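Enquirer: Let's see this in three dimensions:
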Amino acid sequence: MGILEFLVATIPVVMVFSIPLYAISRTFNQKDKKLELRELEEKKELERLKQENYILENKQMQIELDKLKKEREERALSDSKKDRWLIEETRKEERF
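Expert: Residues are numbered from 1 along each chain as shown. Below you'll find the model as predicted:
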């Protein structure tokens with residue numbers, strides 16, 4: 001058996017087995033790409049939800065901060081009114 005006969009017998013066998021192997025590997029790669037695409041879409045959605053949540057938290061925190069500032073201002077006004085009267089009462093008591 002010569003080299004030429006060996007090549008003539010081997011090449012068709014290799015070609016017959018290589019085509020299905022190529023198809024299997026291509027299908028496997030396509031499935032991987034689909035999974036990667038799905039994963040990227042999920043990450044994108046998660047990031048969008050994180051940003052939306054961050055914005056909502058900031059708005060809520062701003063509302064609470066404004067409420068606290070308003071309460072503090074009202075308390076300061078009411079405390080200053082009470083203090084003013086206490087000072088005047090003390091002055092009146094000192095005169096007598």
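
Enquirer: any idea of the pLDDT on residue 23?
Expert: Here the pLDDT value assigned to residue 23 is 88.

Enquirer: do residue 76 as well
Expert: On the pLDDT scale, residue 76 gets 81.

Enquirer: Just give me the neighbour total for it.
Expert: 10 (other CB atoms under 10 Å). Any C-beta I mention is one placed from the backbone N, CA and C, and that applies to glycine too.

Enquirer: how close does it get to residue 58?
Expert: Distance of residue 76 to residue 58, given as CB to CB, to the nearest Å: 26 Å.

Enquirer: One more: residue 77?
Expert: Taking CB to CB, one finds residue 77 at 29 Å from residue 58.

Enquirer: One more: residue 35?
Expert: Residue 35 is 35 Å from residue 58, by CB to CB.

Enquirer: Might you list the low-confidence residue ranges for the protein?
Expert: Within the chain, the segments meeting pLDDT under 70 span 1, 80-96.

Enquirer: so what secondary structure elements neighbour whichever strand or helix holds residue 27?
Expert: Element membership for residue 27 (DSSP states H and E) is helix 3-95. Helix 3-95 sits against no helix or strand, with contacts defined as 3 or more CB pairs under 8 Å, 6 or more residues apart in numbering; DSSP states H and E.
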